[in-house]
Each structure stands twice: as structure tokens, then as C-alpha cells.
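> return a 3D structure for these sequence lines:
(2 chains)
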Amino acid sequence: MNRSATDLPDDERPSTVTAGFSMGLVEIDQGARLSPLQWIERRMLSRPLIGPVAVLIIALIVFSIVSPNFGTLQNFSLILQQVQVIAMLGIAQTLIILTAGIDLSVAAVMLLSQVAMGRFAVSVGLPVEISLVLGIVVGIACGAINGFIVTKLNIPPFIATLGTLSIFYALNIFISDGESVPYADVPPLFNWLGTGFRVFGTTFTFGQVLTILMFILFAYILRNTAWGTHIYAVGDNLEAARLSGIRVNRVLMSVYVVAGLIIGVTAWLLIGRIGSISPTAGAAYNLASITAVVIGGTSLFGGRGRIMGTLLGSLIVGVFSSGLSLAGFDSLWQEFTIGLLIIGAVAVDQRLRKIGR
Amino acid sequence: MHARTRSIVAAAAAGAMALVGLSGCAASAGSDEPLVGLVIKTQDNPFYVKMTEGAKDEAEALGLNLQVASGDGQSDVDSQIKAIENFTAQGAKAILVTPAGDGIIPAVKKAQEAGVVVFAMDSPLGADSGIDGTFATDNYLAGVLVGEWAKAALGDTEPRVATLDLSTDQIPVDVARNQGFLEGFGIELGDPSKMWDETDPRLIGHEVTDANEAGGRTGMEKLLQKDPTINLVYTINEPTAAGAYQAVVAAGLEDQITIVSVDGGCPGVTNVQKGIIAATSMQFPLEMAKQALQAVEDYLADGTKPKNSDGLDFTNTGVTLVTDQPQDGVESEDTTFGLEQCWG
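Residues are numbered from 1 along each chain as shown, chains lettered A, B, ... in the order given. Below you'll find the predicted structure:
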């Protein structure tokens, strides 16, 4: 047993308070010879992004060979545009899953937040900027409600958010009457994230830029702040975190509120993506966001994973979807493949958990 | 503290349930008017919301006691079966249902055996369902109308056609609109009960969209990635068309591509007016509700059942092409008419 904090990869080094919540420490017998599989497993434990990166690169190479239209800069920009909303929801989802929770209500919160923006601006007639902020506040409030139910009522996140999924979705339909605000009535500010600029003859959107910036920001926060370390600690072992002086409920509550904020911003992103404000577009993104997190290598059991993995997970889904479509497969086979990826990712996670113990 | 919070919440929840229960009793008791149950597919679609409003107005005018139950999605058969059973148990004289699938047929038969007359609205049930009547849009004709319009509008331009459909499940409405469109446009069909088996080289491709904006956008992006020369796109409904248009604009192809659709929702007709959608086939949910309730009244008066439209196994509640670019030989109305008649 030669464990010490220095064995940890940089971005998982725990603070002194939480040393002891190891996230996949490896016991290495220096003398033994490793089989190739063991060697790969060791690499994957110390560098968890290796798996998703490898899948992504292989997929990119294969699809570029199969479909001549696939390997263009324009198509890569498109894929990122197609997955940006799921990826952003995935940031919120990753934070919650890292605490060993899960949020089944992310898409419902996004829709409610989005419909609220539309109602404040179009029906109530408030200034567009204020409506936008109020819509994001609705997202934060939904996050706070989730956090309250989890921390104060002691209801498991799965059940809590299963409940609020229905509640928020019903409110969204009630507020909107199930109707969309057509493109022509949507204020330009709401659509801003869908607009963009051209580089090398390719269109990029401000929404893509925002998505990338948010990933960098939250990767930094998780690596370099006490809050980030506490999130890992709470997810790895709640009781131990509590005993070492972390105010567990406060951490959990803050995670749900921050997730609500991210989702509120994502509502703005969704309007930019589809042009109109629809109470049903994207209702299926609850599970899609979890898919992105899981394929990105974050453990559903909490405490281990990377925010950048979620970006990779979203891109993998997007690359397979685009690649299979361009190669002439029906979307049936896209779903089929994504199912395989999910099971594969979790199988790898289980294996790593076993040897990392 | 926690125990206390929990007991307060529990008490509040119990109180709320008691109130709901009481108000339910109050609503059903004391009415001498014949009870009619309306079972819709889902409340998150303005089509059914509008249909419900129309049904309530018509029921009031006819002196019928209308109660509404909703399923939880386009294919939620389970909730609809429960709703049919509950209305039957409550002693409903008639049930109107927008079937989410043929899975409700046994429940319909049981209701009929208990003496309830059952009519379908919007979507027909399978051929030997034994339903007492059906009020629906001729979705095939809806497709034919936009197909014929598109053929005339394209004129001598070499057509490069793509379709944005609902799902891979070959759902009857999806198939009927798609195949109607292709026939109207003059593309030879394979099996008319199946989408995507056509071999005409003018047909570039198809994608599925879940019939919403996000799916329309992504689907259109994929189609353009496959072949940027597409110049005509059929879409399953107007939200899909709106999403597809976003992709067309992003690719800078709005002058090259004509989008046609089906539905007649108000946001859709607004988009026709703005030139985003070139033409759409409008259906009439209010008319469905109105005709179905009148059929209930006729039945309660003397037991007559509704007649099917010529050549169809349902009563056609009408479909009208709406466009601001009328074509010779294709009957259509403009968006002024469309905005007066649209739903949602």
C-alpha cells in the first residue's frame, strides 16, 4: 500500500480536508509485468479521458473514410451545433452526478425557463433583457426547489427530480398552452446565440463559443476550487465527507442551484438553435444529457469523472449520429449504436472501480 | 426538524388530495345532462387543446355534460384505456376519443357492450375496430394537396426532393401524409402503406424529426450535408418546417429551397405569411369536435350513426391548402383565410 495524495492526477488532487476520498487510486506492484489490458486499465485510471478521446478519434477516422461529406470543417461545426444544447445540459447533469445524484428534470427546467422568457417578453411585454434574466432566474428557482427537496426533505435525487420533471413540464404546458412563439415574434436578443460569424468559409455560432467557454470555466472550477473538491468528496462518500467537516447539504444545495443557472442559460441557447420558443422541442433531452455524461466516462455512482468527458460524450453521440446518417443508415441504427456506447462506457467504469479499489 | 417538515408536507398533500376529490364529486353530481367523455392524446399540443375548447363550446350549446381526460403523449394507450373505463363506469352516454393506437380497441368494445356509443376523432382506428364513427382529416389528401402545389410551383426546375418525417415507426398519419405528398408530386410509390421504399432518383433522402423544431433543424442539416442541391422539402408538420427553415437560412439557401407542410396551426400559418413555409394543408380540429358532438346528439335522439364520406372509412372533416402563392389548377386559400381559421 503505497498510496499518497501525489499518486493522484493533478485535477483530482484532494484538499487536505478530503484526502482519503480517493477517486480511483491504483495499487501498482512495481515488480509485476503488466498485460496489455492491465496497462490500458492503468492508463485509463490515471487519465480517465483516454477512453472517450479514443472512441471519438476512431469514429472520426472511420466516418471520414466511409463518407466523403463527413470530414469537412463545416460538418464538424454542424455537429457541435447539433449537440451544444445537450452538452450544456450535460454540464449541469455532470455536477449533480458527481455528487452521486441524478437530475431527471433538466429538460423540463429548460423548457419552463424558455417559455417563461417568451411569456415575459411577448405576452407581458417586459423589456427583452429583463425577460431573459427572469427566465434564467426561473431556472435557478427550479434548481433551488430540486435542492430543497433533496437536502431538506431527504428525498433521493432520482425520486425528487422524477417528481419535479412532471411538475415543471406541466407548468411549462400550462403557461404556454402547448403553443409555440413563432420565429417572427421572437425578439432578436433571444436568437442571438444562434447567430454567428464565418471563419475559413465555415459558420460558427456564438452559442458554440458559449458552450466551449462554459466547459472550460467549469473544468477550471472543479479542478481549482474548494467547492469543486467538495463536490467530488460528497459524491465519493457522503458520510466521510460529513465527518471531515464538509457541510454536505450546503454543497448539494449549491450544486442544484448552479445547475439551475446553467440550465437557464441553456434555455437561451435552445431558442437560438431552433429559432422559435417551443414548449415541446427538446423534451427528450433529459436522458440525452445523462447519456452524454455516461459516455464521457463520469461514474453514475458519483465521485469520479471529468466535465470535459461530458463534452466528449456529447460529441461522440453527435459524430455517430451524423456519420451514420451520411453513410445512409436510418436513425434506428443511430439509437442502437448509442445504446451500445452507453453499456460499453458503464462496463468500463465498473471494471475501473473494481481494480481501483 | 426533518420529521416535522415532512409531516407538514404530508398534511398539505393529504389536504390537497381531499380538495381535489371533493371538487370532482361536486362537478359530476347534480347534472341531469347526458355525460359525454372526451379522451384526447396529450395536452402539450395546441391541436388537442383547441379541439377541447371547441368540444366544450359545442357541448354547452347542445346541452351535453362534457368531461375531458387526457393521455400523456402521442402513443400513450394506457392512460386512454383507463379514461375510457372510468367514463363507462361513470355512466357516460357517449365517448369521443382521439386514439393513441389500436391498443384501445378492447376498451372501446367493452364500453360499447355497456351501451356507450364511441366515436374516434383525428386518427382512425384499425379497419375492424367496430367503432361507431370516425371524424378525421384525410391526411393522405392533405399530403396530395401540398404535393400538387409543389409540382406546379417548381414548374420546369429539376426537382431535388427530401422529406422530414415523424419517426421510424411508420405511424399511419406519418405514412399517409408522406405518401400523399409523393403521389401529389408525381413520384411513383412502392408499397403505399410504407415510407421510404421509393426508388425515384429525384428523391434525395429523408430524416426523422419527432415532429418538433429541434428535430426539424437537425434533420434538415443532415439532409443538406448529404446533398446541398435539395430544392423541395416536405415536412410532417409546421414546427418541423420552422426548425428546417433555420437550417436552410444558416446554409444561406433560402432562395433555393421551398418548404411545404401540413397542419394549419396559427404559428404555422404566420410562417406561411412570412414566406418561411411556402404552402401548408390545414386541418380543422374545431370542426372534428363540432361534428362529433352533433353526431352524439343525433344518436341520443334516435339512434342514428354517422355516415362515412364517399370512398373513405371515416367522416372527412375537411382539409384546405393555404398559401400566398396560388398555382393554376390547384385550389387554395390565402393566409388571411388561414389566420381566421387556424388553431392554436
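> assign residue 197 to helix, strand or coil.
Because you didn't say which chain, this covers chain A. Here residue A:197 is strand, with the state taken from DSSP: H, G, I helix; E, B strand; the rest coil.
> and it, bridged to which residues?
Beta-bridge partners of residue A:197, counted by DSSP bridges, are residue A:204.
> could you report the neighbour count for it?
Look at residue A:197: counted by other C-beta atoms under 10 Å in any protein chain shown, it has 10 neighbours. C-beta here means a position set from N, CA and C on the backbone, and glycine is covered the same way.
> how close does it sit to chain B?
12 Å (C-beta to the nearest C-beta, to the nearest Å).
> I figured that residue hits residue A:204, correct?
Yes - using C-beta atoms under 8 Å, residue A:197 is in contact with residue A:204, at 6.0 Å.
> can you map out the strands along chain B?
B:35-40, B:65-70, B:94-97, B:117-121, B:133-136, B:161-165, B:203-208, B:232-235, B:258-263, B:279-283, B:315-316, B:319-323 (DSSP state E).
> would CSV of those strands with mean neighbour count and mean pLDDT be doable?
Listed next are the strands of chain B as CSV, based on neighbours: other C-beta atoms under 10 Å in any protein chain shown; pLDDT from 0 to 100:
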stretch, mean neighbour count, mean pLDDT
strand B:35-40, 25, 96
strand B:65-70, 19, 93
strand B:94-97, 28, 97
strand B:117-121, 26, 96
strand B:133-136, 24, 94
strand B:161-165, 25, 97
strand B:203-208, 20, 94
strand B:232-235, 29, 98
strand B:258-263, 29, 97
strand B:279-283, 27, 97
strand B:315-316, 20, 94
strand B:319-323, 23, 97
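> quick one, which of the ones you listed gets closest to residue B:104.
Residue B:104 lies closest to strand B:94-97 among the strands of chain B, at 6.7 Å (C-beta to C-beta).
> so which strand or helix has residue A:84?
helix A:73-98 (DSSP states H and E).
> mind listing what's buried along that helix?
A:75-98 (16 or more other C-beta atoms under 10 Å in any protein chain shown).
> now stretch A:221-228
Neighbour-count burial for stretch A:221-228 [16+ other C-beta under 10 Å]: A:222, A:228.
> centre of the chain to it, how far?
Taking C-alpha atoms, centre = their mean, to the nearest Å, one finds the center of stretch A:221-228 at 17 Å from the center of the full chain.
> now the spatially closest residue to residue A:257 that is not a sequence neighbour: phi and psi?
Once flanking residues are discounted, residue A:257 sits nearest to residue A:143: 4.8 Å by C-beta to C-beta, 6 or more residues apart in numbering or on different chains. Phi and psi for residue A:143, reported as degrees, to the nearest 10, are phi -60, psi -40.
> pretty sure residue A:143 contacts residue A:253?
No - when contacts are counted by C-beta under 8 Å, residue A:143 is not listed as touching residue A:253 (9.1 Å).
> and these two? Which one has more around it.
residue A:143 (29 against 19).
> now for the more buried one: which residues touch it?
A:109, A:256, A:257, A:258, A:259, A:260, A:261, A:263 (C-beta atoms under 8 Å, 6 or more residues apart in numbering or on different chains).
> for the strands of chain B, which one sits closest to residue A:63?
Using C-beta to C-beta, the nearest of the strands of chain B to residue A:63 is strand B:203-208, at 17.0 Å.
> relative to residue B:208, how far out is the residue in the stretch 51-200 of chain B positioned nearest to chain A?
Across the stretch 51-200 of chain B, no residue is closer to chain A than residue B:168, which sits at 4.7 Å (C-beta to the nearest C-beta). Counting by C-beta to C-beta, to the nearest Å, the gap between residue B:168 and residue B:208 amounts to 6 Å.
> over to residue A:37?
39 Å.
> repeat for residue B:51
Residue B:51 is 25 Å from residue B:208, by C-beta to C-beta.
> next: residue A:319.
Taken as C-beta to C-beta, the span from residue A:319 to residue B:208 is 19 Å.
> picking that back up, quick check: of the contacts of residue A:143, which has the highest neighbour count?
residue A:109 (34 neighbours).
> which residues are in contact with that residue?
Contacts of residue A:109 (C-beta under 8 Å, 6+ apart): A:139, A:142, A:143, A:164, A:168, A:260, A:263, A:264.
> which residues of the stretch 201-344 of chain B lie near chain A?
Contact residues, the stretch 201-344 of chain B versus chain A (C-beta under 8 Å from any C-beta of the partner chain): B:207-208, B:210, B:212-218, B:221-222, B:225-226, B:239, B:242-243, B:245-246, B:250, B:266-268, B:270-271, B:274, B:276, B:344.
> check residue 335 and give its pLDDT.
This is for chain A. pLDDT recorded at residue A:335 is 86.
> um, chain B though
pLDDT for residue B:335: 96.
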